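> The following comprises the amino acid sequence and a computationally predicted model.
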Amino acid sequence: MANTKQARKRGRQALIRNAHNAALRSRLRTAIKSVRKAVAGGDKKAAMDVLRKASGVIDSIADKKITHKNNAARSKSRLAAAVKAMA
């Protein structure tokens, strides 16, 4: 247990920050899954639309340093390649 007032406050802040970051990570994973689902659905126009929205989510979460920027770029690249490969 924290011994000082400052350490107790930092503990409280860490819990709140952890919950917020977990929600953002969940939002990121949901965006990626939605693109993969659209690609599996076979409608290229819908997949492009979902990819555009997901790219914004991925970039905003990388800007907040929830994930690394290279991880975000890799995810976007792979999703774009999957959409482009659709017939």
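Good, I have the coordinates. Residues are numbered from 1 along each chain as shown.

> so who does the spatially most central residue of the chain touch?
For the chain, L28 is the residue whose C-alpha lies nearest the centre (CA atoms, centre = their mean; 2.1 Å). With CB atoms under 8 Å, 6 or more residues apart in numbering as the criterion, the residues that contact L28 are V57, I58, I61, I66, T67. Glycine gets a C-beta too; all of them are placed from N, C-alpha and C.

> give me the element it is part of.
When elements are defined using DSSP states H and E, L28 is found to belong to helix 5-41.

> do the same with A2
Assignment of secondary structure by DSSP H and E places A2 within no helix or strand.

> Kindly provide the distance from it to A19.
Computed as CB to CB, to the nearest Å, the A2 to A19 distance reads 19 Å.

> Check D49 too.
Separation of D49 from A19 (CB to CB): 31 Å.

> again with N3
With distances taken as CB to CB, N3 is found 24 Å from A19.

> go on, K37?
Look at K37 and A19: by CB to CB, they are 27 Å apart.

> just N71 next, same as before
21 Å.

> what's N18 in contact with, if anything?
Contacts of N18 were listed using CB under 8 Å, 6+ apart, and none were found.

> Cheers, nothing more for now.
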